[in-house]
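A.B. asks: no sequence on hand, only this structure:
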């Protein structure tokens, strides 16, 4: 069958005569022409929320090891290793949940939301579900 396995094929949706958009170096660009980009204001807001919601519990999780070591090594309190493990593990898990909270509680619009962002979570989860459904059905995302 002609055309099969005879070198690179044009991307789907482009005819053989059409070419992909090119970057300055002459190579095809990786981004589609209509790629949606997160505005800097929104990305910075998400980063701040993630840093606080994930960073604070993670630092506390590491602090549990230090405090536990100091208390045990100076023979102030005999703390079983299991308690240290559960306490630090719980704080690290809270830090992982903070990643999701930081993204979902941020206002995805250019206008800032409230301090905690609790009103944004339901709205953003709905947007996320809608986007996932659109990707599964192969339809346009919006």
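C.D. replies: It's in. Everything quoted here is computed from the prediction, not taken from an experiment. Numbering: from 1, shown residues only.
A.B. asks: need phi/psi at residue 120.
C.D. replies: When read as degrees, to the nearest 10, the backbone of residue 120 gives phi -90, psi -20.
A.B. asks: which one is it nearest to, not counting chain neighbours?
C.D. replies: Taking Cβ to Cβ, 6 or more residues apart in numbering as the measure, residue 120 lies nearest to residue 113, with 4.9 Å between them; neighbours along the chain are not counted. Heads up, the C-betas are built off the backbone N, CA and C, glycines and all.
A.B. asks: ok, residue 112 next?
C.D. replies: With sequence-adjacent residues excluded and distances taken as Cβ to Cβ, 6+ apart, residue 112 is closest to residue 45, at 6.6 Å.
A.B. asks: check which helix or strand that neighbour maps to.
C.D. replies: Mapping residue 45 onto the secondary structure by DSSP states H and E places it in helix 40-73.
A.B. asks: might you list the low-confidence residue ranges for this structure?
C.D. replies: 1-35, 139-142 (pLDDT under 70).
A.B. asks: let's go with 50 and repeat that
C.D. replies: 13-23 (pLDDT under 50).
A.B. asks: can you give me the strands in it?
C.D. replies: Secondary structure of the chain, counting by DSSP state E: no strands present.
A.B. asks: and the helices in it?
C.D. replies: Defined through DSSP state H, the helices belonging to the chain, from first to last, are 40-73, 81-104, 118-137.
A.B. asks: okay, now the residue nearest to residue 120: neighbour count?
C.D. replies: Number of residues near residue 113 (other Cβ atoms under 10 Å) recorded here: 18.
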